[in-house]
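Asks: Kindly return the folded structure for what I paste below:
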Amino acid sequence: MPGQRLDKWLWCARLMRTRSGAARLIAAGKVRINGARALKAGRLVHEGDVVTATPAARLAVLRVVGTAETRGPASLARTLYEDLTPPETPSLAKAATQRGPRPTKRDRRRLDAFRTDTL
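Replies: Numbering: from 1, shown residues only. The predicted model follows:
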């Protein structure tokens, strides 16, 4: 059962821009294959393996569908995997930073008056 080096597969699947970047991601322990941490960039991936990676602080869960000899266009890269990434849930931090419209000058004056009256 032939396989492909993990760093090369990440690069061909366009998860990373460079193979050396993929190797650094693996060495940092941010890639798992079937739940087990990948320790070396030369580890082989086979069809059916589930690769979990966190490039650029985002989670990617991918099932390997195929391999490629060379890196091709993005349309070919999408055929190498099946995306199993769970949908992103809105976090409380994002909700706290998203405010309504900016208050007008009149609103600000009313808020200032309210704050000084309550103190």
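Asks: Could you pull out the strands in the protein for me?
Replies: 4-5, 31-33, 36-37, 44-45, 50-53, 60-64, 81-83 (DSSP state E).
Asks: Each with direction, which strands does the second one pair with?
Replies: The reference is to strand 31-33. Strand 31-33 pairs in its sheet with strand 36-37 (antiparallel), strand 50-53 (antiparallel), by DSSP bridges.
Asks: okay, these in JSON lines with mean pLDDT next?
Replies: Listed next are those as JSON lines, based on pLDDT from 0 to 100:
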{"stretch": "strand 36-37", "mean pLDDT": "96"}
{"stretch": "strand 50-53", "mean pLDDT": "96"}
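Asks: can you tell me which of those strands comes nearest to Ala22?
Replies: strand 50-53 (8.9 Å; C-beta to C-beta). Glycine gets a C-beta too; all of them are placed from N, C-alpha and C.
Asks: ok, and the closest non-adjacent residue to Leu111?
Replies: Nearest non-adjacent residue to Leu111, counting by C-beta to C-beta, 6 or more residues apart in numbering: Pro103, 6.9 Å away.
Asks: re earlier: name the stretch among the strands paired with strand 31-33 that sits most buried.
Replies: With neighbours taken as mean count of other C-beta atoms under 10 Å, those reach their highest mean count in strand 50-53, at a mean of 20.
Asks: In CSV, list the C-alpha atoms belonging to that strand.
Replies: Coordinates of each C-alpha in strand 50-53 appear next as CSV, following Å, rounded to 0.1, in the frame of the first residue of the first chain:
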residue,chain,number,x,y,z
VAL,A,50,-7.6,11.3,9.2
VAL,A,51,-5.1,14.2,9.4
THR,A,52,-5.7,16.8,12.1
ALA,A,53,-3.6,20.0,11.8
